[in-house]
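1. Output the structure for:
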Amino acid sequence: MTALKNPAAQIGIAAVAGILFGLIVGEWAANIKFVGDIFIRLIQMAIVPLVMSSVIVATGAMSGKGTGRLAVRTFGWMIGFSIIAAVLAWGLSVLLRPGVGMDFSGETDPALADASGDAAGWQDTVLGFVSTNIFASMSTATMVPIIIFSLIFGAALNSYAGATGNTLVLQFFEQLQQIVLTMIRFVMYIAPIGVFALLAALAGDVGFAVVTTALAYLGTTALGVALLTALFVVVVAARTGLNPARLPGKLAEQTAIAVTTTSSAVTFPTVLRNTVEKVGVSQRVANFTLSVGLTMGSYGAVLNYMIVIMFLAQSGGMALTPGQILLGMALAILLNMGTITVPGGFPVVAMFLGTTLGLPLEAVGLLIAVDWFTGILRTFLNVNGDTMVAMLVAKPTDEIDRDVYYGRTTAVADAVDAEDAAENEKRFARADQAD
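-> Numbers count the residues shown, from 1 in each chain. So this is what the prediction gives:
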């Protein structure tokens, strides 16, 4: 009975029940689709204030802490692998086409997605990123101009607060963000009902393809995680000269915690200890790189977000332009970097990406239903990728103890001090959104 109180379990049960119901009753299930649409709209109505407040807070609260060569190497490897993850996800999605079997016959509710608009030159596209009226952009949920405005507003707020010491406006947006997050938590109480209705209608429309398409989506994500993990190992072995056959044993403990909790935050203390005591990375590099990795090192999230974009486009028979693909990659990477923080879990991220790119949202309920499984894959790659990036960052300054790595000597990790713990606490919540 305790397991049934888990939100993921409730959504999973509702998803299975919805698919079975839709398969049994057929097209009649479309009569309850409006219940799922209400659930989707409740999430959508919170996206604009949530994105604005999150970006403003993230930008307005930035400090100059963490500069130097260590930071450059850390950011360089993390951004580089994030770009590779986005490109790999796009390539696999084009090759395997996981969303194609979900082609639906009905029209997408125009209130659930922005119109794609007529094709325009790249100059007009870039010009459209800057709004002449931010309130007009907010009223139509045109997300890129909203993000641009919020970044500039946040930077100005950061400068103002630094010069005057007045953080009243920053505190207002922090409180606004928390209030909107509370709204989303309220909405997620009815997630099982919404997912049941969405999948019942989808199964009634497309039949058993709803199951095969879900498996194709999960399979594409799993293959991407496997390929990216293999790339990490090859690069680490080539750059450090260490025997990669020893890595699985050293990463086994943190992997077990990651896949059972689907939480980078919960796994962080184990990752920090293992990276120092089993892998041999110096405490200095481990503390900085792994802490940054909590938010910037979400390679599994980048991979999954880009697959979500391609899945939604394919499910609605929509061909993305090169500009939309590049924008999708940029959004996936920026979400990973924490520059655009969209708290509230995967449903909000999926709706944010779909709304921003004008994608059909008919199949978003299916993505929510299987997110527990993709969460396992995301967290596995996020956690182990951070350790391997720490190895790459430590190599140029010879801060990997080879004797520790090969088990010839031991190392003891320091406890995280109070200041580091407080800083990491802020990162934990953002990291779990990526998981």
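
2. Flag the shaky bits of this protein, pLDDT-wise.
-> For the chain, the stretches flagged by pLDDT under 70 are 1-5, 62-67, 102-125, 338-344, 413-435.

3. let's see 50
-> 66-67, 105-120, 418, 422 (pLDDT under 50).

4. ranges for the strands of it?
-> For the chain, no strands are identified by DSSP state E.

5. In it, spot the helix with the most residues.
-> helix 209-240 (DSSP state H).

6. elements contacting it?
-> Contacts defined by 3 or more C-beta pairs under 8 Å, 6 or more residues apart in numbering; DSSP states H and E place helix 209-240 against helix 7-25, helix 69-96, helix 191-206, helix 299-315, helix 364-369, helix 371-394. For glycine as for every other residue, the C-beta is placed from the backbone atoms N, C-alpha and C.

7. Now do the buried residues in it.
-> For helix 209-240, the neighbour count (16 or more other C-beta atoms under 10 Å) marks 209-211, 213-214, 216-218, 220-221, 224-225, 227-229, 231-233, 235-237, 240 as buried.

8. One more: stretch 165-179?
-> Going by neighbour count (16+ other C-beta under 10 Å), the buried part of stretch 165-179 is L170, F173, E174, L176, Q177.

9. Now go through the residues you listed and say which are in helices.
-> L170, F173, E174, L176, Q177.

10. ok, so of these, who is nearest M318?
-> For those, the minimum distance to M318 (C-beta to C-beta) is 31.6 Å, reached by Q177.

11. OK, contacts around that closest one?
-> Contacts for Q177 (C-beta atoms under 8 Å, 6 or more residues apart in numbering) come out as L50, S53, S54, V57, P343.

12. Throw the residues you listed into JSON lines and include neighbour count, thanks.
-> Shown next, in JSON lines, are the contacts of Q177 (neighbours: other C-beta atoms under 10 Å):
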{"residue": "L50", "neighbour count": "24"}
{"residue": "S53", "neighbour count": "24"}
{"residue": "S54", "neighbour count": "28"}
{"residue": "V57", "neighbour count": "23"}
{"residue": "P343", "neighbour count": "19"}
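
13. between those residues, which is nearest V187?
-> L50 (11.5 Å).

14. measure the nearest residue to that closest one once chain neighbours are set aside to G194 for me?
-> Take L50 and drop its neighbours on the chain: the residue closest to it by C-beta to C-beta, 6 or more residues apart in numbering is V180, 4.6 Å away. Distance from V180 to G194, counting by C-beta to C-beta, to the nearest Å: 18 Å.

15. Among the two, which residue is more densely surrounded?
-> Comparing V180 with G194 by other C-beta atoms under 10 Å, the one with more neighbours is G194, at 26 against 23.

16. Count residues in the vicinity of the closest residue in space to that one that isn't next to it in sequence, would you?
-> Spatially, and ignoring its direct neighbours in sequence, G194 is nearest to F39 (2.6 Å; C-beta to C-beta, 6+ apart). For F39, the count of nearby residues is 25 (other C-beta under 10 Å).

17. Verify the contact between V180 and V48 for me.
-> No: using C-beta atoms under 8 Å, V180 makes no contact with V48, being 9.5 Å away.

18. Isn't T240 up against I400?
-> Yes: with contact defined as C-beta under 8 Å, T240 and I400 form a contacting pair (6.3 Å).

19. List the residues that are in contact with both of those two.
-> The contact lists of T240 and I400 share M391, where a contact means C-beta under 8 Å, 6+ apart.

20. re earlier: which residues touch the residue nearest to L50?
-> V180 is in contact with A46, P49, L50, S53, counting by C-beta under 8 Å, 6+ apart.

21. Let's see which of these end up in helices.
-> Using DSSP H, A46, P49, L50, S53 are the members of the contacts of V180 that sit in helices.

22. Please report how far the first one lies from G365.
-> Spelled out, that is A46. Using C-beta to C-beta, we find A46 at a distance of 17 Å from G365.
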